[in-house]
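In: predicted model and sequence follow; I will ask about them next.
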Amino acid sequence: MAFKLNVNGHSTSVDVPPDMPLLWVLRDVLNLKAAKFGCGIAQCGACTVHVAGQPVRSCSYPVSSVGTKAVTTLEGLSATGNHPLQQAWETVDVPQCGYCQAGQIMSAAALLAKTPKPTDKDIDTAMSGNLCRCGTYLRIREAIHKAADMGPNASAKTVQTASKE
Amino acid sequence: MKRTETKNVMDRRSFFKISAVAGGGVMFTLPFAEELLAQGRGGAAPPPPNPNNFIKVALDGTVTIVAKNPETGQGVRNMLPMMIADELDVDWKNVKLDQADFDDSKYTAQSSGGSTATPNAWTPMRQAGAAGRAMFVTAAAQKWGVPETELTTGSGKVNHASSKRSVGYGELAAAVAKLPAPDMSRVKLKDASEYKIIGKKHSAYDISKIVTGAPIFGVDVTLPGMLHACFEKCGVFGGKVVSANLDEIKKLPGVKHAFVVERPIVTDAVIPGEPGLENGIAIVAETWWHAQSARQKLKVQWDEGIHASESSVGYQAKAEAMGKAAPQRTLRADGDADGALKSAAKVVEASYSYPFIAHAPLEPQNCTAMFKDGKLEMWGNSQQPGRGRKLVSDTVGVAESDISLHMVRAGGGFGRRLTNDYMVEAAWIAKQIPGVPVKLIWSREDDMRHDYYRPGGWQNLKAGIDASGKIVGWKNHFLSYGDGETFASSSAMGPTEFPQRFVPNYTLQSSVQRLGIRTGALRAPSSNAFAFVIQSFIDELAHAAGKDPAQYRLDLLASGAPVPAPAAPPAGGGRGGFAPPGMNAERMIGAMKLAMEKSEWGKKKYPAGTAQGIAFHFSHMGYFAEVAEVTVVGTKVKLNKVWVAGDIGSQIINPSGAENLVHGGVIDGMSELMMQEITVDKGRVVQGNFNTHGMVRINQAPPVIEVHFVKSTASPTGLGEPSLPPILPAIANAIFTASGKRLRQLPLSKAGMSWA
């Protein structure tokens, strides 16, 4: 079945089964590998992307539900990889293995879009759907605060699709 | 061919092109195999490697250093090159890393496990860098006609102060290429005070790629014309396919191939450490989703084999029976423990237990393979690629020399990727469809139900203390898995387990039962369970003696006999198990005192329900003492703060990575303590995903984990594992002080407890 998708600001067409999760469309059809497969049942958050600006677990989000809503993956979070969160993640040296971090950053981006100056509690609430097997949670908190301190003006232009709808 | 790191491949090619055309550039060999082998501990030493390349300096001065070990998140990809770069005297910001393929004819010890990379690499990697530096000095001395002693180096340049001359390494590369390797006995290593890279914080080399989602993990490997595979195995280990509806499966959308895999596999009373390719069904399709969807339509009749009636209930019943019977074996008997218990002022008895748990690295097992013209090319993230290649060779009948293996970043390891079942599955499938690259990915359920589990076990302890509180006798009846004198993999207890040597009368006895699931090394194998038992029980003894638990430990540590020569590894120790040198009590006392100082042990006044607990444990040559502060309200436990003090030698190579790894050790330990348990029913593992085998989430993580290191004079050792074991008993001991609950069974959720 053909679906027209808007991914990271680009219009694209895919021919896939309607129940195929968005994750596998992104990874195996569109070759966008940032979103990761971790559990397949929306438990770990490694597959987190934005649909219409909202964080969703793409492993459990059928492609048929996307419709015309804009999809943003980590590849599309900033044009040059310098979103405040990406900068903060580098400065704080957050990752260990790094596998969960695409999902972490996308959940954090959705948080900051709604709550520019989050408290630890805000962070814990927004980020508790994202597992980190290596246990980098303390640095994730630190990096989100750091990105918040940089403010939205430090942000590279987010690929516009994320906030359109 | 398209690789995952296209840009790097391009860079590398252009580098080779330049150096070939110009006849320049220089590559250094690492002729230090003997030393490296001499540092290896226990087990069979790898065969002596041929000289190999670690450093490349291009004519434009670009320095490329080979990162030889598998990166699983432990930071080794930074650390080993940092050692080389510092001694080479180049700036880290100008260094490029080149990930080695697996090649044991060029590189040694290309594995990640047992916290061994640092101790194994510390001397040879620095020597490689220092040898390189010496050659640039020689080349500059010849160029300028001045004595080498007048030359200094820094930032990739050789300098001659008196004539104010300076030359970059790139300009010297052509001359250096013609020099013989220096006499290593005359190559001087830096004093620690001269380090510019070692000991400084460096973010992960790949961090820009990680935060932009670049395809750097095993699961991201993509090749032209690649197909995707899944592999269905029987839930019971060793089960075979009797019949399956493969004709139907092959007709499903996107499905290209479906195979029954039939293999002779050992399903004995004790499953071998790495039994090899299992029976099952492989489905190959145009995307992984197509393969996995077809799999849901599989109708398979299994011959479940000899383990189909096993269950956790059965294991527990057998353990209870063994606990009441005479021990099958005595592993150690120092003095007369029975006599000491009879004459003791007080005897304390307790039974502890811990379950099977799964590794569950976040990146599910995967491997990509292509079979073409009789050769296999593979992309994998094994922690032991050498063993993996051998297993593949033995199983699919391709000579090791015809298997090339690219080492791709792993989304966590924790010991799961020490074994290579996914590699051999990918190779088998690829061999059926020559010329077509195939990527195999396991589902999370595959991973959790086909793991090499941290073995469960039981320990029935009895200790006697004299009137002063000193431990005079210690008996442990250790109940584990195995058959006769063979322990299942990673299921043994060594005869020198603490407090052996610190208690005059010490008896360790064991009984084992058979087991039909696979076991193996999980981060800090054995220690991750034993520390909880032993350090909790010592806490019980401290309270029975009416002593401060920290001072009680210091007194116990001070009472020990000297460190004996390293012992042989315990039989069935499994991968990751090696013979560690005995614990040096002085170093542990140092870690204990630092933890006590930083946590202000015994000096804080807490409200009811809040308390500190302390524990220490020696593993993988690392000395760790940890203090946990908890608040217990009913069955809810909040971990307020943790103080970690560790001694892993004279030098922390990368303080940023080190602190991060210790955070991880603590948080991983929190998961093991509170919430993780694998159970078996009808021979099958019950739990399949993170909803039933969970891990700590960010809202449960403490706000602060202080990490402190004792800088001792010992040679640096590894940090992947030793920070984990003490956190379990430190928290359990804090829970006791805060609530009066002495919890002796893991996970604590079995007693209704949970993280707040």
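Out: Everything's here; your move.

In: contacting residues for B:Ala130?
Out: With contact taken as CB atoms under 8 Å, 6 or more residues apart in numbering or on different chains, B:Ala130 is in contact with B:87-88, B:187-190. All C-beta spots, glycine's among them, are computed from the backbone N, C-alpha and C.

In: of these, which pair is most distant in space?
Out: By the measure CB to CB, B:Leu88 and B:Lys188 form the most distant pair in these, at 13.4 Å.

In: and the two? Which one has more around it.
Out: The residue with more neighbours, out of B:Leu88 and B:Lys188, is B:Leu88; 29 against 9, by other CB atoms under 10 Å in any protein chain shown.

In: how many neighbours does B:Phe598 have?
Out: Just so we're on the same page, residue B:598 is Lys rather than Phe. B:Lys598, neighbours per other CB under 10 Å, totals 15.

In: who does the closest residue to it other than its chain neighbours form a beta bridge with?
Out: Distances taken as CB to CB, 6 or more residues apart in numbering or on different chains put B:Trp643 closest to B:Lys598, at 4.8 Å, once the chain neighbours are dropped. Under DSSP bridges, the beta-bridge partners of B:Trp643 are B:Val627, B:Glu706.

In: hey, what's B:Leu151 bridged with?
Out: With DSSP bridges as the rule, B:Leu151 is bridged to B:His160.

In: what about it, how many residues nearby?
Out: B:Leu151 has 19 neighbours, counted by other CB under 10 Å.

In: list the residues that contact it.
Out: B:137, B:140-141, B:158-160.

In: from the residues you listed, pick the one nearest B:Asn733.
Out: B:Asn733 has its nearest neighbour among these in B:Val137, at 55.3 Å by CB to CB.

In: doesn't the closest one fall inside a helix?
Out: Yes. Looking at B:Val137 with DSSP: H, G, I helix; E, B strand; the rest coil, it is inside a helix.

In: got the CA positions of stretch B:136-145 in CSV?
Out: Provided in CSV are the C-alpha atoms of stretch B:136-145 (Å, rounded to 0.1, in the frame of the first residue of the first chain):
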residue,chain,number,x,y,z
PHE,B,136,60.4,11.3,14.8
VAL,B,137,63.1,12.6,17.2
THR,B,138,65.7,10.5,15.4
ALA,B,139,64.5,11.7,12.0
ALA,B,140,64.7,15.4,13.1
ALA,B,141,68.1,14.9,14.6
GLN,B,142,69.4,13.5,11.3
LYS,B,143,67.7,16.2,9.3
TRP,B,144,69.3,19.0,11.4
GLY,B,145,72.5,17.3,12.3
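
In: how does the chain divide up, domain by domain?
Out: You didn't pick a chain, so chain A it is. Listed by automatic domain parsing, the domain ranges of chain A are A:2-76, A:84-156.

In: hm, I was asking about chain B
Out: Using automatic domain parsing, chain B is parsed into the domains B:6-212, B:218-306+B:359-449, B:312-357+B:453-560+B:580-755.

In: run the chain-centre distance for the second one.
Out: What separates the centre of domain B:218-306+B:359-449 from the centre of its chain is 23 Å, taken as CA atoms, centre = their mean, to the nearest Å.

In: ranges for the strands of chain A?
Out: For chain A, the strands defined by DSSP state E cover A:2-7, A:10-15, A:48-51, A:54-57, A:70-72.

In: closest to B:Thr72 out of these?
Out: strand A:48-51 (22.3 Å).

In: wouldn't B:Leu405 be in contact with B:Arg387 here?
Out: No. Taking contacts as CB atoms under 8 Å, B:Leu405 lies outside contact range of B:Arg387: 11.2 Å.

In: the two: who's more crowded?
Out: Set B:Leu405 next to B:Arg387 and count neighbours by other CB under 10 Å: B:Leu405 wins out with 24 against 18.

In: same question for the helix or strand that contains the more buried one, mean pLDDT?
Out: In this assignment (DSSP states H and E), B:Leu405 forms part of strand B:403-407. Average pLDDT, strand B:403-407: 97.

In: do the same with stretch B:211-226
Out: Mean predicted lDDT for stretch B:211-226 stands at 97.

In: in it, what's buried?
Out: In terms of neighbour count (16 or more other CB atoms under 10 Å in any protein chain shown), stretch B:211-226 has its buried residues at B:211-223, B:226.

In: chain center to it, what's the gap?
Out: 24 Å.

In: can you check the distance spanned by it, start to finish?
Out: 26 Å (CA to CA, to the nearest Å).

In: does any part of stretch A:14-21 sit near chain B?
Out: Yes. On the criterion CB under 8 Å from any CB of the partner chain, stretch A:14-21 is in touch with chain B at A:16-17, A:19-21.

In: just the buried ones from those residues, in ChimeraX syntax?
Out: Selecting only the buried entries of these in ChimeraX, with 16+ other CB under 10 Å as the criterion:
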select /A:16,17,20,21
